[in-house]
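In: just the structure for this:
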Amino acid sequence: MSRITFTAARPSGTQALAVEYSDGYQVTYSLMWLLDSCPEGFHAQTGERAFDLLSVPDAPLLHAVQVLADGRLELQWEHDGPASHFAPEWLAAHRPGVPRTDAAAVEYSYWKAAALKDGPARHDAAAILNDDAALMAWLVDTKRDGLTIVQGIEGTGEASMAIARRIGFLRETNFGQTFEVVNKADPNNLAYTSLALALHTDLTNQETPPGYQFLHCITNDAQGGGSVFADGFAMAQVLRDSDPQAFDMLATTLIPCRFFDREYDIRIHKPVITLDHALAIQEIRFNAHLVDLIDLPLETVDAWYRAYRAFMRLTRDPAFRLSFRMAPGEMTAFDNRRILHGREAFNPATGNRHLHGCYVDRVEFDSRMRMLAARG
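Out: Model prediction:
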């Protein structure tokens, strides 16, 4: 059983509770945090917080502290409200500043082409569809490297959609819930031509670009049309190390991105590189075809172009570019907000090239990993 001691205040004057565990470890908890986090303040069925934070004083005070016979800590408050109860194990698992454990928190492995000389990790479609352990293994590899290949997909696009739906619901965009990458007579996107596509991420004009993209090869018998991928996080890190001024410019400067056709005009201002709260690289938005007319002021625009061209040069560096030819029945799965993708030009007169695509957002991807881990 934990040994509990109480202190009325931290040095700053904040009301707090000091807990000393039997192993000698000491932790100090904010009284406001304890009131807000008490397990009894959450709805038993939904798990949502039912506690009203404004129902307690600005500076809550403890009336009494005791350890019950079952080992739980009971806190009785001076304000008119129910006592709070905490198991020692719960308190130990929820120490201040320590995030919840997260099965989706897979460490990224940045890569150059040489690191994947045998190609991305491969997974079997039937196993993913029928076995949760195989599904989890695929998700972990895809999260870690940002890119995998699923093989053995039978039939048309419906088969690859079934695999994507093993993760979660599909993300619908202005192109629909799915899309067909084929040479079209009247294209509204360069992907629907036979031209080469420079490395890019999709739909940078969206408020939140799609998370994971799935491209299922249906037919690929035209001359040319090889697929190209690169780790945008790896390139951004190289830029951060070699040219921090350029990196900071791309991470702090909002630029206009736009897609428009006969039915849509979708615009957003966002940086090329997005960082998270810890300043780690979280997202790459790089699509030269969807950058609108740059509207930066004169004193900034040339510095931005210098930084943007520095990142663009990295996308042309063969050291980062992983190229391979997709075969029918294969599907690439990749993080669209990390991995840049493109293709070589192909000759439609020599055969057909047909890929079927769809998206699943990052939050759905991570949610599935957590649920699979919870099942054991």
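In: mind naming the longest helix for this structure?
Out: Using DSSP state H, we find that the single longest helix of the chain is helix 298-316.
In: tell me which residues in it are buried?
Out: Applying a neighbour-count criterion of 16 or more other Cβ atoms under 10 Å, one finds Trp304, Ala307, Tyr308, Ala310, Phe311, Met312, Leu314, Thr315 buried in helix 298-316. Every residue, glycine included, has its C-beta placed from N, CA and C.
In: show the subsequent helix or strand relative to that helix.
Out: strand 322-324 (DSSP states H and E).
In: residues of that following strand that come out buried?
Out: Leu322.
In: what's the helix or strand that it is followed by in contact with?
Out: Going down the chain from strand 322-324, the next helix or strand is strand 331-335, by DSSP H and E. Residues outside strand 331-335 that contact it (Cβ atoms under 8 Å, 6 or more residues apart in numbering) are 120, 125, 138, 142-143, 146-151, 153, 160, 163, 211-217, 227, 229, 326, 341, 362.
In: equivalent analysis for stretch 278-290, please.
Out: 190, 198-205, 209, 232-233, 236-237, 240, 257-259, 270-276, 311-312, 315, 337-338, 340.
In: walk me through the domains of this protein.
Out: 3-93, 113-375 (automatic domain parsing).
In: ranges for the strands of the stretch 51-200 of the chain?
Out: 62-67, 73-77, 84-86, 121-124, 147-151, 178-181, 197-200 (DSSP state E, counting those that start in this stretch).
In: and stretch 83-100, how far from the chain's centre?
Out: Centroid separation between stretch 83-100 and its chain, computed with Cα atoms, centre = their mean, to the nearest Å, is 27 Å.
In: alpha carbons of that stretch, as PDB, please.
Out: C-alpha atoms of stretch 83-100 as PDB (Å, rounded to 0.1, in the frame of the first residue of the first chain):
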ATOM      1  CA  ALA A  83     -15.200  13.100  -1.900                       C
ATOM      2  CA  SER A  84     -12.700  12.000  -4.500                       C
ATOM      3  CA  HIS A  85     -11.200   8.500  -4.600                       C
ATOM      4  CA  PHE A  86      -8.000   7.300  -6.300                       C
ATOM      5  CA  ALA A  87      -6.400   3.900  -6.500                       C
ATOM      6  CA  PRO A  88      -2.600   4.100  -5.900                       C
ATOM      7  CA  GLU A  89      -2.000   2.300  -9.200                       C
ATOM      8  CA  TRP A  90      -4.100   5.000 -11.000                       C
ATOM      9  CA  LEU A  91      -2.200   7.800  -9.400                       C
ATOM     10  CA  ALA A  92       1.100   6.200 -10.300                       C
ATOM     11  CA  ALA A  93       0.000   5.700 -13.900                       C
ATOM     12  CA  HIS A  94      -1.100   9.300 -14.300                       C
ATOM     13  CA  ARG A  95       1.800  11.400 -13.000                       C
ATOM     14  CA  PRO A  96       1.900  15.100 -13.900                       C
ATOM     15  CA  GLY A  97       3.300  15.800 -17.400                       C
ATOM     16  CA  VAL A  98       3.300  12.100 -18.500                       C
ATOM     17  CA  PRO A  99       1.100  11.400 -21.500                       C
ATOM     18  CA  ARG A 100      -1.000   8.300 -21.600                       C
END
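In: how close does Thr201 get to Tyr305?
Out: According to Cβ to Cβ, to the nearest Å, Thr201 and Tyr305 sit 20 Å apart.
In: quick one on the thing from earlier: from the contacts of strand 331-335, list the buried ones, please.
Out: Judged by 16+ other Cβ under 10 Å, buried ones among those: 120, 125, 138, 142-143, 146-150, 153, 160, 163, 211-217, 227, 229, 326, 341, 362.
In: sort out for me which of the residues you listed are in helices.
Out: Those of the buried ones among the contacts of strand 331-335 mapping onto helices are Ala125, Trp138, Thr142, Lys143, Ser160, Ile163, Arg362, per DSSP H.
In: picking up where we left off before, turn the strands of the stretch 51-200 of the chain into TSV, including mean pLDDT and distance to Thr350.
Out: Listed next are those as TSV, based on pLDDT from 0 to 100; distance: least, Cβ to Cβ, whole Å:
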stretch	mean pLDDT	distance to Thr350
strand 62-67	86	79
strand 73-77	90	74
strand 84-86	93	70
strand 121-124	98	28
strand 147-151	98	24
strand 178-181	86	17
strand 197-200	92	18
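In: what residues are up against Ala234?
Out: Counting by Cβ under 8 Å, 6+ apart, Ala234 touches Tyr110, Trp111, Lys112, Phe320.
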